[in-house]
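A.B. asks: quick one, what's the 3D model for this:
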Amino acid sequence: MLDLLTSTEAWAALLTLTAMEIVLGIDNIVFISLLVSRLDPQRGEQARRVGLALALVFRIGLLTLLSWVIGLTEPVFSLAGRDFSWRDLVLIAGGLFLIAKSTGEIHTAIAIGEEGEEEEETASAGTSFWWIVAQVVGIDLVFSVDSIITAIGMAQDLPVMIAAVVVAVGIMYLASGAVARFIAAYPTTKMLALSFLLLIGMSLIADGFGVHVPRAYIYSAMAFSAVVEIFNVTALRRARRRRASRVKE
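C.D. replies: Here you go, the predicted model:
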């Protein structure tokens, strides 16, 4: 263990793995932020804390089962000339869940539409705390499958991999809170985030069927859309200030 603290290779592996975990966790941050935004601030904070703590435990548990995780890439059956592994099935199931969840949320947002905030508050009050926590843990495991398999290939030392996961989940916790508060303050960004999740769900399904979509393409589209939304939010803020100043006059 002491050798790792003085090893340049171990520190380089830690930095690389941490950066990779953070980048691959962008999808997870968006999903968690949307989930907790349906709860009141206090329950949302608790759900985020409990969900990510459990997700961290499960991620570390997966890392300790290295041989079993590597076995997830072995084919379990063939269909139409293509081999499918447990990893593929997990990605396909996760992608379908994201698409179903995002579609349902979009439908709810449109259905509430012009009915006002009262119906939205009622829907949020009826949201189950533990159901939100279960979704946070479940989707984190889906997103972590690829990152853990990649981590196993990049580093040979279990403490280094665990340290990278701990740091990444900590950053995920901090970032998801800020994103959730932003979505709550500017509801129009929720539809943009849901669109991101639809895109991510499709990419997971594609990966499960052996068609890899580079994450750089997805993240570039997300970044461009986010910048446009920031311009929209800024313009909206200024318009509100102008209207408020006119009313005072």
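
A.B. asks: where does pLDDT dip in the protein?
C.D. replies: Counting by pLDDT under 70, the low-confidence segments of the chain come to 1-7, 10, 66-67, 69-70, 112-127, 150-156, 248-249.

A.B. asks: not counting its neighbours along the chain, what's nearest the residue most central in space within it?
C.D. replies: Nearest to the mean C-alpha position of the chain, by C-alpha atoms, centre = their mean, lies Asn28 at 0.9 Å. Nearest residue to Asn28 in three dimensions, chain neighbours excluded: Phe143, at 4.8 Å (C-beta to C-beta, 6 or more residues apart in numbering). In short, each C-beta sits where N, CA and C put it, glycine included.

A.B. asks: check contacts around that neighbour.
C.D. replies: By C-beta atoms under 8 Å, 6 or more residues apart in numbering, the contact set of Phe143 is 24-25, 27-28, 94.

A.B. asks: the helices in this structure, which residues?
C.D. replies: 2-5, 8-24, 26-36, 41-64, 66-71, 86-112, 117-125, 129-154, 158-185, 188-208, 215-248 (DSSP state H).

A.B. asks: among these, which is nearest Leu79?
C.D. replies: Closest to Leu79 of the helices of the chain, according to C-beta to C-beta: helix 86-112, at 10.3 Å.

A.B. asks: quick one: buried residues of that closest one?
C.D. replies: Using 16 or more other C-beta atoms under 10 Å as the test for burial, helix 86-112 gives 86-88, 90-92, 94-95, 97-99, 101-102, 105-106.

A.B. asks: also stretch 47-66?
C.D. replies: The neighbour-count check on stretch 47-66 (16+ other C-beta under 10 Å) flags 47-48, 50-52, 54-56, 59-60, 62-63, 66 as buried.

A.B. asks: can you tell me how far the residue nearest to Ala168 when sequence neighbours are not counted sits from Ala111?
C.D. replies: In this structure, Ala168 finds its nearest non-sequential neighbour in Glu21, 3.3 Å apart by C-beta to C-beta, 6+ apart. Going from Glu21 to Ala111 by C-beta to C-beta, to the nearest Å gives 37 Å.

A.B. asks: wait, what's in contact with the closest residue to Gly44 other than its chain neighbours?
C.D. replies: Closest residue to Gly44 apart from its sequence neighbours, by C-beta to C-beta, 6+ apart: Val36 at 3.7 Å. For Val36, the contact set (C-beta under 8 Å, 6+ apart) comprises 44-45, 47-48, 132, 176, 180.
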